[in-house]
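In: sequence? don't have it. structure:
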């Protein structure tokens, strides 16, 4: 028997205290296989040991919630007996090490989580963060991640209908790749990841197990340094065709009623699926690793239990129905292999050719895993960063700023990216990517679902509480702009090393803010994912909680889009602008600053605004709607014009600014929250304004659609007068110009 | 019309073709599994888009060995209408039911976007309801749609009027700018010498409802209904 040395414990990412706890739980020294099992299940990635105490404070229940956190994905009721099943998950660390496969397997992982619940996946979104595109390494990562997402999603045939992409130096060595998937299930046929029924067979199906991805979960729980490239063997390779077979076959098996429970083998592979299924079902699971299909020879039980080979599922089948299940998998050229059975004793027992190599109570790996209330401290940078002395900043010509913002990668069109994603397959996509929230119809009903993922790391960096609130508000507002009522949310919390008190403080404050906003806007969090240790060489990424919100549209034919519709329509701004340049795209792009205080957020006003958007859409008063976000009013207006051939002219009152010379900047490029540009037929303008005012939402008619220029006056004086075609050219090709080298002339 | 939609394990536009035929056109549609050996009495066959067997080797290269393909060939040889969309077109090329091959797109990237194609000839079962020269707005979604064949093959295709769809501008001009993937002669779709087998890279089934951005693709499927119905009338006489 191996003696467990201090070195070995450290290599497994366990502390001495944690090891002592293992000794106490087992009442003996663990075997090497057991040590490996504990190390992955107690890793931050699987155990949520630093985040759990905070996550418990989030609202997770509601009228429509059918499944909250704790299963493979959350589910909400969307009427007609159907449920929307959705979740977001990160694949940050693997995507830095091997961009294509890292991102591809991120897509594969979240799709498995959705179909594991008995839902057919119908839409994907992603939220991505990279360093600046002038860095060649970043360009390589960016292109690789996009190609990886495309390669997997396109092949399996699930449309990518939206998302968002941001850039900041802090993400250079640690990109964020967060993927969201949504599926549709019959509400009464949602499948759980449980093992129960003593003697029921445990089946393994899918790809064979190899040595790839061993300790992936532990890797995702460590910071990067200059030796990270050596971790490449811990990244898995995706096979979307295998997953397509699994998807179809599993859905067919679920329809047969022969299944007790099912779980995919994601992080921590066979280990996690066996002990979690047992734990949820209050049962035990015994498997024999020598029965597990293997791709390589000579694999040890340790390697088999910890492998993170992709596209594998674990199933518990009702006794007597085994042949039926095997037959369905055979149809899809898959071989379901019986590797064990359900037991009564609540233990995970792993055998190798009959001999026990691990024997651990499930609870020790799941519910009784360590939970830390880590020390927190307000970061030292904060007080200084929140000071913003605008008076010391030069104010370049307004029109130059406008052009620079349109051409900055954060604002510019992401068409270069979205064109690579199949966003139309399944013929449900009513609003395509790059146009705010993605919208898909639900075939067989009159309804549609809108979905948006949002997060602004700059805001969270400057005020974690408010920044996280703003993320929830923006995602819900984007959904409401289409006419959808926000009904549920999922979160992906990307932060640095939680062992540093200032990071833990950011995390805790962000979760508090998120919870408060979700309560106020009535969007419970039904699941999600935490990604910590997003650091390279001791430098953390901007704290980036990403929120995915799903909304329900009763009448799919009434979907509102962001693009202007017709010449002569009145342009109305709902909400109001203030002197708020803190954390803005303007400060970042023009002055290279991440400073100041993020925009204020009045959640009561926000909720009222969203109700007006939904009512206005249903009544047909609102003909287009677009949320004011990065780049403020001016950029938002331009985006409403793009792809339509319609210009616009506005006249807006000046925002009173602390630094008067920056009043125009605050008016045009400030990012005040709870603001939406909508259009309406001129004859219905009064009706819209009355509707807004009745709800307590400021509304002002500020211009009209038409012409071939973008004209914005402040208090009657022209500030921006730009040719629509030129502005659109700057915006449309900014990313492509940075990515595609000029083609060699033959 | 009773249309059979062939399902390979990696087909992913099978449901879309089924939906368009059954729910938009109100015709009968059935799925046929690639291991089946019967076409379920269909009047027309659709080989849908997707990645038939993962297509890691060459798009459609393995699909031609699927048992159902023998039946598809027999059906085609007997003059039955067969439509290959995107991956279905690639399968028809690999199976030798249409000539030529697909290279990777000129951009070396997957491209999903609306394009314009001009209907060159209306004398196939899938264009009979079109007006020659009619321009359709239909999406493409492929990584390998860059049509290639030996020059003499392309010449023969042109001479025999087998180029059925060509990438053009909205005004119907076959310019290089309007060519999304680098296909020779802007070829977007072909027919067999007997004209009953048609393959095209764009997805007409994705352009059958205005809510999805275009309904221009409907005419391709309506053509099939029209030709099947007229064929049945002719046979009855």
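Out: Cool, got the structure. Fair warning: this is a prediction, and the values are worked out from it, not measured in the lab. Residues are numbered from 1 along each chain as shown, chains lettered A, B, ... in the order given.
In: Residue A:313 and residue A:341: what is the separation?
Out: 17 Å (C-beta to C-beta, to the nearest Å). C-beta here means a position set from N, CA and C on the backbone, and glycine is covered the same way.
In: Those two: which is more packed in?
Out: residue A:313 (26 against 21; other C-beta atoms under 10 Å in any protein chain shown).
In: got a list of contacts for stretch B:215-224?
Out: Residues outside stretch B:215-224 that contact it (C-beta atoms under 8 Å, 6 or more residues apart in numbering or on different chains): B:1, B:3, B:20-21, B:24-25, B:44, B:81, B:83, B:124-130, B:134, B:136-138, B:202-209.
In: Can you list the residue ranges for strands in the stretch 251-400 of chain A?
Out: For the stretch 251-400 of chain A, applying DSSP state E, counting those that start in this stretch gives strands covering A:259-264, A:284-288, A:312-317, A:337-343, A:347-352, A:355-361.
In: most packed of the ones you listed?
Out: Neighbour counts (mean count of other C-beta atoms under 10 Å in any protein chain shown) averaged over each of those peak at strand A:312-317, with a mean of 26.
In: on contacts alone, who are the packing partners of that one?
Out: Where contact means 3 or more C-beta pairs under 8 Å, 6 or more residues apart in numbering or on different chains; DSSP states H and E, strand A:312-317 is packed against strand A:201-206, helix A:240-256, strand A:259-264, helix A:269-281.
In: how about 7 Å then?
Out: Packing partners of strand A:312-317 (3 or more C-beta pairs under 7 Å, 6 or more residues apart in numbering or on different chains; DSSP states H and E): strand A:201-206, strand A:259-264, helix A:269-281.
In: so what's residue 104 up against?
Out: Looking at chain A here, since you left the chain open. A:148-149, A:151-152, A:238 (C-beta atoms under 7 Å, 6 or more residues apart in numbering or on different chains).
In: let's do chain B instead
Out: Contacts of residue B:104 by C-beta under 7 Å, 6+ apart are B:143-144, B:146.
In: Repeat that for residue A:668.
Out: A:398, A:632-634, A:712, A:719.
In: Ranking by neighbours, what's the top pick from these?
Out: Busiest of these [other C-beta under 10 Å] is residue A:634, holding 29 neighbours.
In: Where does it fall, secondary structure wise?
Out: Under the criterion of DSSP states H and E, residue A:634 resides in helix A:632-641.
In: by contact count, what packs against the next helix or strand after that helix?
Out: With elements assigned by DSSP H and E, the helix or strand that comes after helix A:632-641 is strand A:648-652. With contacts defined as 3+ C-beta pairs under 7 Å, 6+ apart, strand A:648-652 has these neighbours: helix A:632-641, strand A:699-705, strand A:709-714.
In: what does strand A:648-652 rub up against?
Out: Counting by C-beta under 7 Å, 6+ apart, residues outside strand A:648-652 touching it are A:564, A:571, A:633, A:637, A:641, A:667, A:702-707, A:710-714, A:716.
In: Just name the shakiest helix or strand of chain A by mean pLDDT.
Out: helix A:216-219 (a mean of 60; mean pLDDT, DSSP states H and E).
In: now swap in chain B and tell me
Out: helix B:218-236 (a mean of 87).
In: which of the residues in that one are buried?
Out: Using 16 or more other C-beta atoms under 10 Å in any protein chain shown as the test for burial, helix B:218-236 gives B:218-228, B:231.
In: Same question for stretch A:375-390.
Out: A:376, A:379, A:385, A:388, A:390.
In: Go ahead and confirm the last one touches residue A:663.
Out: No - under the criterion of C-beta atoms under 7 Å, residue A:390 is not in contact with residue A:663, lying 10.2 Å apart.
In: Show me which residues of the stretch 551-700 of chain A sit near chain B.
Out: Within the stretch 551-700 of chain A, the positions near chain B by C-beta under 7 Å from any C-beta of the partner chain are residue A:557.
In: From the contacts of strand A:648-652, list just the buried residues.
Out: Buried among the contacts of strand A:648-652 (16+ other C-beta under 10 Å): A:564, A:571, A:633, A:637, A:641, A:667, A:702-706, A:710-714.
In: What is the nearest of these to chain B?
Out: Chain B lies nearest to residue A:564 out of the buried ones among the contacts of strand A:648-652, by C-beta to the nearest C-beta, at 17.1 Å.
In: what's near enough to touch that closest one?
Out: With C-beta under 7 Å, 6+ apart, residue A:564 has these contacts: A:624, A:640-641, A:644, A:646, A:648, A:679, A:705.
In: for the chain, which spans come out with low pLDDT?
Out: You didn't pick a chain, so chain A it is. A:1-2, A:216-234, A:741-746 (pLDDT under 70).
In: if you could check chain B rather than the one you did, that'd help
Out: Ranges of chain B meeting pLDDT under 70: B:232-237.
In: Those residues of it touching chain A, which are they?
Out: B:9-10, B:12-13, B:15-16, B:19, B:50-51, B:53-54, B:109-113, B:139, B:141, B:206, B:211-212.
In: Could you rerun that using 6 Å?
Out: B:9-10, B:12, B:16, B:51, B:54, B:109-113, B:139, B:141, B:206, B:211-212 (C-beta under 6 Å from any C-beta of the partner chain).
In: Among these, which lie within strands?
Out: B:111-113, B:139, B:141 (DSSP state E).
In: quick one on the thing from earlier: dump the buried residues of helix B:218-236 to JSON lines, plus distance to residue B:187.
Out: Formatted as JSON lines, the buried residues of helix B:218-236 follow (distance: C-beta to C-beta, whole Å):
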{"residue": "B:218", "distance to residue B:187": "22"}
{"residue": "B:219", "distance to residue B:187": "19"}
{"residue": "B:220", "distance to residue B:187": "16"}
{"residue": "B:221", "distance to residue B:187": "21"}
{"residue": "B:222", "distance to residue B:187": "23"}
{"residue": "B:223", "distance to residue B:187": "19"}
{"residue": "B:224", "distance to residue B:187": "21"}
{"residue": "B:225", "distance to residue B:187": "26"}
{"residue": "B:226", "distance to residue B:187": "24"}
{"residue": "B:227", "distance to residue B:187": "22"}
{"residue": "B:228", "distance to residue B:187": "26"}
{"residue": "B:231", "distance to residue B:187": "27"}
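In: And these, which is closest to residue B:87?
Out: Proximity of those to residue B:87 (C-beta to C-beta) peaks at residue B:220, which lies at 16.5 Å.
In: Now residue A:521. Nearest residue, chain neighbours left out?
Out: residue A:476 (5.1 Å; C-beta to C-beta, 6 or more residues apart in numbering or on different chains).
In: Next step: the buried residues of stretch A:375-390 restricted to helices.
Out: Members of these lying in helices (criterion: DSSP state H): residue A:385.
In: List the backbone torsions phi and psi for residue A:320.
Out: phi 100, psi -10 (degrees, to the nearest 10).
In: Residue A:332 touches residue A:245, doesn't it?
Out: Yes - taking contacts as C-beta atoms under 6 Å, residue A:332 lies within contact range of residue A:245: 4.6 Å.
In: Looking at the two, which one has more neighbours?
Out: Per other C-beta under 10 Å, whichever of residue A:332 and residue A:245 has more neighbours is residue A:245, with 25 against 18.
In: can you map out the strands along chain B?
Out: Under DSSP E, chain B gives strands at B:2-7, B:28-33, B:44-47, B:82-85, B:101-103, B:111-119, B:135-142, B:146-148, B:163-168, B:187-191, B:197-200.
In: what lines up beside the third one in the sheet?
Out: What it means is strand B:44-47. Based on DSSP bridges, the pairing partners of strand B:44-47 within the sheet are strand B:2-7 (parallel), strand B:82-85 (parallel).
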